[in-house]
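1. Let's see this in three dimensions:
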Amino acid sequence: MEILHIRDEYIKLGQAMKLAGIAESGLEAKDRILAGDVLVNGEPELRRGRKLYAGDTFRCGGEEFKIG
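-> Got it, this is the predicted structure:
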């Protein structure tokens, strides 16, 4: 599991995916999210704007990331 360090209180899911390098653009992140490829804290997530806070995790394409 890779830890993504953020400076603010939260990061939106689409932005976190770009930060993690699993989406090159917001459109790519949106497409992967709407395809059902993304889990947040173990649950399917369909909102690109979902706010992730420290301690939250998300999984996409077999990779898991934790917000730190």
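
2. who touches stretch 35-47?
-> Applying Cβ atoms under 8 Å, 6 or more residues apart in numbering, the contact partners of stretch 35-47 are 13, 17, 32-34, 50, 52, 56-61. C-beta: built from backbone N, CA, C; applies to glycine.

3. pLDDT of that stretch, averaged?
-> Summarised as a single mean, pLDDT over stretch 35-47 is 96.

4. how far is it from where the chain is centred?
-> 9 Å (Cα atoms, centre = their mean, to the nearest Å).

5. How about stretch 11-29?
-> 7 Å.

6. Next, the buried residues of that stretch.
-> Within stretch 11-29, the residues that count as buried by 16 or more other Cβ atoms under 10 Å are 11, 12, 13, 14, 15, 16, 17, 18, 20, 22, 23, 29.

7. Am I right that residue 28 falls within a helix?
-> Yes - according to DSSP: H, G, I helix; E, B strand; the rest coil, the state of residue 28 is that of a helix.

8. That one and residue 2: what is the separation?
-> Separation of residue 28 from residue 2 (Cβ to Cβ, to the nearest Å): 19 Å.

9. what do you get for residue 32?
-> On the measure of Cβ to Cβ, residue 32 and residue 2 end up 17 Å apart.

10. neighbour count winner among those two?
-> Just comparing residue 32 and residue 2: by other Cβ atoms under 10 Å the higher neighbour count belongs to residue 32, 18 against 10.

11. ok, back up a step: which of the contacts of stretch 35-47 ranks first by neighbour count?
-> residue 17 leads the contacts of stretch 35-47 on contacts (other Cβ under 10 Å) with 28 neighbours.

12. all helices for this protein, in order.
-> Taking DSSP state H as the criterion, the chain contains helices spanning 13-20, 26-34.
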